[in-house]
Structures are given as C-alpha cells and as structure tokens.
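Colleague: build me a model from this:
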Amino acid sequence: MKKRIEKTRSLMQEKGIDSLLITTDVNRFYLSGFTGSSGLILFTSENNYFITDFRYTEQAKNQTNGFKIIEFNKNIPEKINDILIEDNCEKLGFESKNVTYNKYNEYKEKFTEVELITTEDLIKKLRITKDKEEIDKIKKAIEITDNAFKHILDFIEVGKTEREVALELEYFMKQAGGEKNAFDFIVASGKRSSMPHGVASDKKLEYGDFITMDFGTFYKGYCSDMTRTVVLGEATDKQRKIYNIVLEAQKEVINKIKPGMSGKEVDAIARDIIKDAGYEDNFGHGLGHGIGVEVHEGPRASYKSDDFIEEAMVVTDEPGIYIPDWGGVRIEDDLLITENGCEVLNNSPKELIIID
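Modeller: Next up, the predicted model:
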C-alpha cells in the first residue's frame with residue numbers, strides 16, 4: 001500500500017492538487033486494504049486520512065496502515081472541510097465520475113477554503129498494471145474458477161435449468177474460497193447462446209444444445225473471468241465449424257499479443273480471423289478488457305480502443321460468434337502480459353467438450 005500511496009501523491013503533484021478525496025469503494029480498497037462498506041480517504045499535503053463512522057473504526061485500524069483514522073460524528077463534508085483548513089489545502093481533487101450533481105453542489109457549499117478540481121480515473125490508471133501480490137490473488141481466483149468448470153461438467157445434464165447451473169457454479173466457488181460472484185453469471189443454452197450476455201434463465205438444457213458459461217469469482221478483493229462453451233449430447237458439423245473458428249481466433253491472440261500493442265491491434269488479431277471466415281457481423285463486442293479489483297477495468301482491447309498493452313497487465317481474451325435464432329460460442333481466458341508475450345492463467349481445456 002505504501003508504494004500505491006506514493007504513486008498517488010506523484011499523480012497529485014502532476015495534477016497540481018495538494019489534496020485528494022477518494023470516494024469509490026474499489027479505489028478505497030486498492031489504496032488502503034479496507035474491506036468495509038463505509039469510509040473515505042483524504043490525502044492532504046501533510047497527511048493520509050481514513051474517515052469512517054463508529055461501526056468501522058476498529059476494522060479500519062486493523063486493516064489499514066499509514067492512515068490517521070478519523071471517526072466522524074457530524075456532517076462528513078463539514079469534517080472534511082475542518083481537515084482541509086487545518087492542513088492548509090488550496091486545491092482539492094475529487095473523483096468526478098463518482099460524484100452526483102447534488103453532492104458536487106454540497107462540496108461547493110461546504111468546502112469553503114479550497115478550489116474543487118475534477119479528476120477522472122486518476123487511481124484507475126495506477127490499477128491498470130499489477131504487482132506480484134495482486135497477480136497471486138488473481139491467479140487464486142482463476143484457480144477457483146477452473147476447478148468450478150471441471151466440477152460443472154459432471155453436473156450438467158438434460159433437464160437441468162440454466163439457473164441451476166449458475167447456482168451450482170456459485171455454490172462450488174464460494175465453498176472453495178470465492179468471496180462473491182464477479183458478475184451475474186451468463187449461462188445461455190441452445191438458441192439463447194446467441195446472446196452474449198444471456199444471464200441464466202429457467203430454460204432447461206436440451207440434447208444438442210450449445211451451453212455458454214461466463215463466470216468468475218473474487219478472492220481477497222481480486223477477480224477472475226472465464227468463459228467456456230460446451231455441447232450437450234452430439235455436436236453438429238456447423239457447431240464444430242463455428243467453435244473451431246472462435247478457438248483459432250482465441251489462440252492466435254495468445255500467440256501474438258505482446259507489450260506495446262494497441263487495443264485495436266490486439267482486437268484485430270481475432271477479428272480478422274472471424275471476418276475471413278465470413279462471420280464479421282456476428283462478433284459485435286470487443287475482444288477483451290483488464291481485470292483486477294473490478295471485473296471490467298483498463299486496458300480495453302476492442303476495435304475502437306487506443307489503450308496500450310503493457311507488461312504486468314491482466315487482460316481477457318474472449319472472441320465470440322453469435323448467430324441469432326441458432327446459437328453462439330465464446331471462449332475466454334485471462335492473460336498475464338509478460339515481457340515478450342503472455343502467460344495464460346487458466347488451465348481449463350479449450351478444445352470442444354461434448355457432454356454425453
């Protein structure tokens with residue numbers, strides 16, 4: 001955390017601000033390690049403050065390091081204003097994407113001695129590359145997800161519902177140490193598999209269905225995100241064809257991705273293969289995104305992304321083909337960007353699995 005705070009202070013200097021208010025939950029956790037649901041971080045030129053109410057002061061003392069714990073017992077903006085005046089602050093940065101118009105007006109009224117400066121994704125820029133501790137936690141989250149996929153292959157059978165599959169995945173991962181779902185699991189079977197975000201429904205699994213499962217968990221604040229598509233029963237020639245196109249595209253990204261590439265360039269690796277196969281119009285989303293304390297963070301790998309891939313980033317590789325009223329395929333791994341390429345963090349098989 002000390003290094004993260006130092007980097008934050010460097011960004012404050014670059015921005016020309018002598019104080020910074022952190023209000024988003026994920027950034028609060030990233031900078032302090034605090035896992036409670038209520039608290040603010042205030043950096044001034046002189047001090048690091050963690051401000052919370054009486055319910056969380058003990059937890060904050062146990063989980064954070066390098067912060068002065070402030071228990072507020074009156075209006076929070078008034079308490080913050082007292083601190084800003086005491087520390088002689090002149091320019092306060094705030095997380096503009098996390099502040100409503102009403103809250104901003106309250107800040108203007110209450111923070112009487114400072115100029116308010118908007119900051120956009122300041123901490124998010126720090127989070128984009130991962131240190132060893134973060135990578136280890138992501139790997140553990142992925143290990144739990146891989147084990148859940150192995151387990152679910154024995155659970156799936158004709159007559160089970162998509163919702164039952166999603167619940168079984170959740171139950172298994174939480175028993176294995178997952179803290180919470182990384183997102184609403186996608187379990188989409190048969191024709192519903194043509195919906196990239198087909199959240200689990202009461203539809204029953206049928207013989208011959210494609211079943212696309214997109215799921216992940218959190219481990220000590222860091223997430224995993226994996227997708228596999230399987231066939232229940234017997235695969236048709238068209239199912240095999242579509243699956244193998246997606247698999248080729250997904251593997252080619254693994255072979256070619258490296259630091260210095262733009263998000264557009266990475267996306268094009270997979271998109272060109274799908275386009276050449278005649279399914280350009282059936283791959284409508286971007287190739288991938290970063291993961292960490294959020295399941296969707298930088299960098300983005302898409303046909304309109306100018307983000308750049310750098311060493312120590314963790315990004316998803318998830319091309320897909322979706323054919324309305326027929327079905328679809330998506331295959332997704334989490335990739336750690338290395339000096340010359342990438343390390344695939346998932347160990348689950350990717351060749352087409354047919355469940356008898």
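Colleague: show me where this structure has helices.
Modeller: 2-15, 25-32, 57-63, 76-86, 101-110, 122-127, 132-155, 162-175, 237-256, 263-276 (DSSP state H).
Colleague: can you say which of the ones you listed is nearest to F215?
Modeller: Taking Cβ to Cβ as the criterion, F215 comes closest to helix 162-175 out of the helices of the chain, the separation being 5.1 Å. Quick note: C-beta positions are derived from backbone N, CA and C, even for glycine.
Colleague: and the closest one, what other elements does it pack with?
Modeller: Based on contacts counted as 3 or more Cβ pairs under 8 Å, 6 or more residues apart in numbering; DSSP states H and E, the elements that helix 162-175 packs against are helix 132-155, strand 186-189, strand 210-215.
Colleague: how about these in TSV, adding distance to N340?
Modeller: Shown next, in TSV, are the helices and strands packed on helix 162-175 (distance: least, Cβ to Cβ, whole Å):
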stretch	distance to N340
helix 132-155	17
strand 186-189	33
strand 210-215	29
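Colleague: quick one, what contacts E318?
Modeller: With contact taken as Cβ atoms under 8 Å, 6 or more residues apart in numbering, E318 is in contact with T227, Q250, L287, G288, R330, I331, E332, D333.
Colleague: in these, find the pair that's most separated.
Modeller: Spanning the widest gap among the contacts of E318 are T227 and L287, at 12.4 Å by Cβ to Cβ.
Colleague: quick one: K258 from Q250, how far?
Modeller: According to Cβ to Cβ, to the nearest Å, K258 and Q250 sit 16 Å apart.
Colleague: the more surrounded of the two?
Modeller: Of the pair K258 and Q250, Q250 is the one with more neighbours under other Cβ atoms under 10 Å, namely 25 against 16.
Colleague: so that one sits against D333, correct?
Modeller: Yes - in this structure, Q250 sits in contact with D333. The criterion is Cβ atoms under 8 Å, and the distance is 7.2 Å.
Colleague: okay, and the common contacts of the two?
Modeller: Contact criterion Cβ under 8 Å, 6+ apart; residues shared by Q250 and D333: D317, E318, K350.
Colleague: what sits against the closest residue to the first one other than its chain neighbours?
Modeller: Meaning D317. Nearest residue to D317, sequence neighbours excluded (Cβ to Cβ, 6 or more residues apart in numbering): V253, at 4.7 Å. Taking Cβ under 8 Å, 6+ apart as the definition of contact, the neighbours of V253 are V266, I269, A270, L287, D317, P319, L335.
Colleague: neighbours of the first one, how many?
Modeller: Other residues lying near V266 total 28 when counted by other Cβ under 10 Å.
Colleague: could you check how far the closest residue to it other than its chain neighbours is from N282?
Modeller: Excluding its sequence neighbours, the residue lying closest to V266 (Cβ to Cβ, 6+ apart) is A301, at 4.3 Å. For A301, the distance to N282 (Cβ to Cβ) stands at 18 Å.
Colleague: the more surrounded of those two?
Modeller: Neighbour comparison, A301 and N282: the larger count goes to A301, with 29 against 19 (by other Cβ under 10 Å).
Colleague: these two touch, right, the more buried one and G263?
Modeller: Yes - with contact defined as Cβ under 8 Å, A301 reaches G263; the gap is 4.4 Å.
Colleague: let me know the outermost residue of the protein.
Modeller: When distances to the mean C-alpha position of the chain are computed (Cα atoms, centre = their mean), the maximum falls on E86, with 37.8 Å.
Colleague: OK, contacts around that residue?
Modeller: Contacts here follow Cβ under 8 Å, 6+ apart; on that basis E86 touches nothing.
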